[in-house]
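K.L.:
Give me coordinates for this.
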Amino acid sequence: QVQLVESGGGLVQAGGSLRLSCVASERTYRTNVMGWFRQAPGKEREFVAAVTWSGTSTLYADSVKGRFTISRDNAKNTVYLQMNSLQPEDTAVYYCAARPGAWSTELRTYSYWGQGTQVIVSS
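P.N.:
Numbering: from 1, shown residues only. Down below sits the predicted model:
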């Protein structure tokens, strides 16, 4: 069973930065695509960004382009989400997820999920 463990959430003022980390228990075909999703209070979970272990391709939601950067450290089986210029609307629980196969922004296609880490951005 694939395990994903997030860390790095917290409270930050608007305009600040945070870096989230997600450690995967394995780097195999089952975790070919690693993604970040978020769920704000009262809203549905939404796609934020994704990256593959095998390449340098990345994918971002329009709402975070230019502010967030996803990256991975294969040696550490870790995926990062660097979040800059944070705004109150970025407040959410952020989830790491993994799936085999090709790119997807659809949360239902991701097979494995972490427990989530809370990000709160104050105005």
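
K.L.:
What does the pLDDT read for the residue nearest the centre of the chain?
P.N.:
The residue lying closest to the centre of the chain (Cα atoms, centre = their mean) is W36, at 2.2 Å. Predicted confidence (pLDDT) for W36: 98.

K.L.:
Could you measure from it over to G16?
P.N.:
From W36 across to G16, the span is 18 Å (Cβ to Cβ, to the nearest Å). For the C-beta atoms, the positions are set from N, CA and C on the backbone; glycine is no exception.

K.L.:
what secondary structure does the residue nearest to the centre of the chain sit in?
P.N.:
strand (DSSP: H, G, I helix; E, B strand; the rest coil).

K.L.:
I figured it hits V48, correct?
P.N.:
Yes: W36 is within contact range of V48, at 4.3 Å (criterion: Cβ atoms under 8 Å).

K.L.:
any shared contact partners between the two?
P.N.:
Contact with both W36 and V48 is made by residues 81, 94, according to Cβ atoms under 8 Å, 6 or more residues apart in numbering.

K.L.:
Report the beta-bridge partners for E6.
P.N.:
Beta-bridge partners for E6, by DSSP bridges, are C22.

K.L.:
The residue nearest to the centre of the chain and R45, how far apart?
P.N.:
Note on W36: its distance to R45, by Cβ to Cβ, is 11 Å.
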